[in-house]
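The sequence and its predicted three-dimensional model are supplied below.
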Amino acid sequence: MNSEEKKYASLILLHIVIGMVIFYIPALSKSFAALVFIIGLFLVVKNQNKNQEVLLVSGYIVGSEILFRMSGGIIIYEYAKYCITIFMILGMYYNGFSKNAVPYWVFLILLIPGLLVATETLNLTTDLRKTISFNISGPICLGICSIYAYNKPLSITKLNQILLFTGLPIISITVYLILYTPDLKEALVLGTGSNYFTSGGFGPNQVATVMGLGMFIFFSRLMLESKTKVLFIINILVTFFVVYRGLLTFSRGGMITGFIMIVILLYYLYRSTQHRGKAKLNYIFGIMVLLFIAIWSYTSTQTDGLIEKRYANQDASGRVKESQLTGREEIFTNEINSFINNPIFGIGVAKGVEDRLNLTQEVALSHSEISRMMAEHGMFGIVALLVLLFTPIVLFLDNRQHIFLWCFIVFWLLTINHAAMRISAAAFIYSLSLFKVYIDEKNPLHR
């Protein structure tokens, strides 16, 4: 093995060990979460962000967030979003930000009316600070990340490095999931619904979201960063286990999102590659097809065919389920009705949860950031969403070398439709679509 292969293998092995240590000694999880922030802060300040340390550390925190949560390592629930926001502000201090990032200042301003309405509409017994911060920390994190990233030059090599830093903790999550569920037979008695036992005892939707992101990251490394056979084999093995454990969560949204991102990347690479490069792409594509068939077949065997029924929206007996979205359409309808009744200013941040609690006596959190923004922010929310959707698309007109741009936009758009902004990944990955990416000589795409 050459030095690059040894370094990469060492990183993979380190994060396998991290997953094992946190599983067997969960008390260390809080220390690890604090250590990531402290070391990251030290590196950013020491180097004055000359090597985009804020992005590397933020990416690592994004990949670690679910590991922190499922192992009890979070100091506060939105720890990752707060940390990333702090690092992005530090990045602005050292590197500044574009004066043309006006759309995202507008986006942040558009959130204010909903906050003001919430102070009037939320129940007197509600902890305003905690409730509002839980619901608004995601959009604020997205806005700050986007202001920092807006049209800032970034090499494709550095972008791949950021994605690697995001993906490494997902390896630790994969190891944690394997150790948490050594015997699948006990976990699969729950049928074809989202499975907490195969998701590390945590929310399957959030776990599948980050596993789907990991699937995309390591697939992209197979395509772009596997310069030797050793690196290619390592990436195949990592991809196999990440996809396998992601499928076993039985939560579809995140895994389907990751698969769509892969298809978009393949399409973009195929269109922008010369004839000689297309032959190589065809070869890799063939290997990928065989890999996914192998993963799906293995998962189907291990689950006695339940995974196929899950993706066909069937129960364990093969009957088609009445609801395609496990009841989320009721929440969506409730939020649309709230918007219709309060179209200008909305009902206020976090008021939707209170209203549903009064109606059903159950705490039902929104899974769609689009309907939540409409209900709680009214017309201001719609304008804010339009800003987020169209700004990166406009930037793409002068950013054609950003091969991941559409992948990142799709990840954000699909994720906020099935997991709202519960995790920081949606905010951070969205912001990566705003960098002005150039292909440097170190990257194979240059040749």
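Yep, that arrived.

can we go C-alpha only for contacts and neighbour counts from here?
OK.

pLDDT below threshold where in the stretch 1-150 of the chain?
Counting by pLDDT under 70, the stretch 1-150 of the chain has low-confidence residues at 124-128.

now the helices for it?
3-24, 28-47, 53-70, 79-95, 102-110, 112-121, 128-149 (DSSP state H, counting those that start in this stretch).

what do you get for the stretch 251-400 of the chain?
252-272, 275-302, 306-311, 328-341, 351-360, 369-377, 379-396.

now the second one: how far from the chain's centre is it?
Spelled out, that is helix 275-302. Helix 275-302 sits 24 Å away from the centroid of its parent chain (CA atoms, centre = their mean, to the nearest Å).

And for the last one?
Computed by CA atoms, centre = their mean, the separation of helix 379-396 from the middle of its chain amounts to 19 Å.

Ok, stretch 387-405 next?
19 Å.

cool, stretch 75-85 as well?
The answer for stretch 75-85 is 15 Å, by CA atoms, centre = their mean.

buried residues in that stretch?
Buried residues in stretch 75-85, counted by 16 or more other CA atoms under 10 Å: 77-85.

how about those in a markdown table, adding distance to residue 108?
Listed next are the buried residues of stretch 75-85 as a markdown table, based on distance: CA to CA, whole Å:
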| residue | distance to residue 108 |
| --- | --- |
| 77 | 22 |
| 78 | 18 |
| 79 | 20 |
| 80 | 19 |
| 81 | 15 |
| 82 | 16 |
| 83 | 18 |
| 84 | 16 |
| 85 | 13 |
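
which one of the helices of the stretch 251-400 of the chain lies closest to residue 219?
Nearest to residue 219 among the helices of the stretch 251-400 of the chain is helix 252-272 (7.4 Å), distances taken as CA to CA.

which helices and strands sit right next to the closest one?
Packing partners of helix 252-272 (3 or more CA pairs under 8 Å, 6 or more residues apart in numbering; DSSP states H and E): helix 204-224, helix 229-247, helix 405-418.

same for the longest one, what does it pack against?
Read it as helix 204-224. helix 53-70, helix 156-180, helix 229-247, helix 252-272.

Mean neighbour count, these: which tops it?
Here the criterion is mean neighbour count by mean count of other CA atoms under 10 Å, and of the helices and strands packed on helix 204-224 the winner is helix 53-70, at a mean of 25.

What angle do helix 204-224 and that helix make with each other?
140 degrees (axes from the mean of the first three to the mean of the last three CA atoms, to 10 degrees).

Dump the helices and strands packed on helix 252-272 to JSON lines, plus mean pLDDT and distance to residue 122.
Converted to JSON lines, the helices and strands packed on helix 252-272 look like this (pLDDT from 0 to 100; distance: least, CA to CA, whole Å):
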{"stretch": "helix 204-224", "mean pLDDT": "95", "distance to residue 122": "27"}
{"stretch": "helix 229-247", "mean pLDDT": "95", "distance to residue 122": "37"}
{"stretch": "helix 405-418", "mean pLDDT": "96", "distance to residue 122": "24"}
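
what would the ones you listed look like in TSV with distance to residue 184?
Shown next, in TSV, are the helices and strands packed on helix 252-272 (distance: least, CA to CA, whole Å):
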stretch	distance to residue 184
helix 204-224	15
helix 229-247	11
helix 405-418	26
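
Can you say which of the ones you listed is nearest to residue 439?
Using CA to CA, the helices and strands packed on helix 252-272 put helix 204-224 closest to residue 439, at 12.1 Å.

buried ones in that closest one?
Neighbour-count burial for helix 204-224 [16+ other CA under 10 Å]: 204-223.

again, but for stretch 37-52
Buried residues in stretch 37-52 (16+ other CA under 10 Å): 37, 40-41, 43-44, 48-49, 52.

just to revisit the earlier point, including distance to residue 395, could the helices of the stretch 1-150 of the chain go into CSV?
CSV is the format used below for the helices of the stretch 1-150 of the chain (distance: least, CA to CA, whole Å):
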stretch, distance to residue 395
helix 3-24, 33
helix 28-47, 28
helix 53-70, 20
helix 79-95, 20
helix 102-110, 12
helix 112-121, 26
helix 128-149, 12
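
Let me know which of these is the nearest to residue 389.
helix 102-110 (10.9 Å).

That closest one vs helix 128-149, what angle?
Going by the same axes, to 10 degrees, helix 102-110 makes 170 degrees with helix 128-149.

and helix 102-110 with helix 379-396, angle?
Using the same axes, to 10 degrees: helix 102-110 against helix 379-396 is 170 degrees.

what comes into contact with helix 102-110?
139-140, 143-144, 146-147, 380-381, 383-384, 387-388, 391 (CA atoms under 8 Å, 6 or more residues apart in numbering).

For it, what is the distance to the chain centroid?
With CA atoms, centre = their mean, you get 22 Å for helix 102-110.

Quick check: buried residues in it?
103-104, 107-108, 110.

Distance to residue 26 for these - can I get that in TSV?
TSV is the format used below for the buried residues of helix 102-110 (distance: CA to CA, whole Å):
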residue	distance to residue 26
103	42
104	39
107	39
108	37
110	41
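
And those, which two are furthest apart?
103 and 110 (10.4 Å).

Deepest in the core, which of the helices of the stretch 251-400 of the chain is it.
Comparing the helices of the stretch 251-400 of the chain by mean count of other CA under 10 Å gives helix 369-377 as most buried, with a mean of 28.

list the helices and strands it packs on?
By 3+ CA pairs under 8 Å, 6+ apart, helix 369-377 packs against helix 112-121, helix 328-341, helix 351-360, helix 379-396, helix 405-418.
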